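>>> sequence-free structure coming up:
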């Protein structure tokens, strides 16, 4: 959150350096859900505003890494769905990173809730990498690993941004997450009981904010050998689609 403040996305939309209506709305929902859940746990009985509040309440009652991911991602997905009308106010590069961010947080959850889906043969390492209490999870959850440090992203195109992207982040996105993207969204839709998530992926490409017609950005042009190697060592015996457990 401190990094997002420094980047400027949470600044008021009425100032000269205006913030992002979309990022502000999604973050507000996340914070409000957790705050409302805290009130409920402490005895308040106001009506629940959205289902993600209940998931935060479950986490507060019985904290665990999996419960935290379910609460966090329920709030994030609810924000994505509720504020899709604000997407068009953002520059194209910002819209690209909205899809990258969603794929990352869904993948981070799968490291704990469906390790074979997440890492295939390397599933035993998934718990260590995915636990949000440890630094390994920062690889997937810290937005400063994938997003530029300024807002708005004026004067720079998508291909320039991709050329500057963190190398390790690129390997994870193109070598690990994108090859199993559809399965990740199916897993999350079941776990969060939110079928509308499946409207955000098409033919293996994220389409929440980035147009399907420009899906070529999801095909890597650099680091092909490293990407193919990652795909091979994280492939499950049953294949990506078949190598994941039904969420409980």
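Received, thanks. It should be emphasised that the depicted structure is a prediction, and the values quoted were computed from it without experimental measurement.

>>> toward the C-terminus, what is the element adjacent to the helix or strand bottoming out on mean pLDDT in the chain?
Ranking every helix and strand in the chain by mean pLDDT, DSSP states H and E puts helix 138-141 at the bottom, with a mean of 68. Sequence-wise, the next helix or strand downstream of helix 138-141 (DSSP states H and E) is helix 158-164.

>>> contacts made by that next one with the rest, please.
92, 93, 96, 148, 153, 170, 217 (CB atoms under 8 Å, 6 or more residues apart in numbering). From N, CA and C alone the C-beta is placed, and that goes for glycine too.

>>> model confidence at the third one, what's the number?
So the one you mean is residue 96. At residue 96, the model reports a pLDDT of 93.

>>> can you check the fourth one too?
Looking at residue 148, its pLDDT stands at 70.

>>> now for the closest residue to it other than its chain neighbours, how many residues are close by?
Nearest residue to residue 148 in three dimensions, chain neighbours excluded: residue 161, at 6.7 Å (CB to CB, 6 or more residues apart in numbering). Burial of residue 161 is recorded as 18 neighbouring residues (other CB atoms under 10 Å).

>>> pull the most distant pair out of the contacts of helix 158-164.
Taking CB to CB as the measure, the contacts of helix 158-164 span a maximum distance of 18.9 Å, between 92 and 170.

>>> the more surrounded of those two?
residue 170 (18 against 14).

>>> name the nearest residue to that one, ignoring sequence neighbours.
residue 223 (6.4 Å).

>>> hmm, that neighbour is touching residue 169, no?
No: using CB atoms under 8 Å, residue 223 makes no contact with residue 169, being 11.2 Å away.

>>> before we move on, back to that, PyMOL command to pick out the buried ones of the contacts of helix 158-164?
In PyMOL, this line selects whichever of these come out buried by 16 or more other CB atoms under 10 Å:
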select buried, resi 93+96+153+170+217
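
>>> which among the contacts of helix 158-164 gets closest to residue 50?
residue 96 (26.9 Å).

>>> got the buried residues for the helix or strand hosting the closest one?
In the assignment (DSSP H and E), residue 96 maps to helix 92-113. For helix 92-113, a neighbour-count test (16+ other CB under 10 Å) marks 93-113 as buried.
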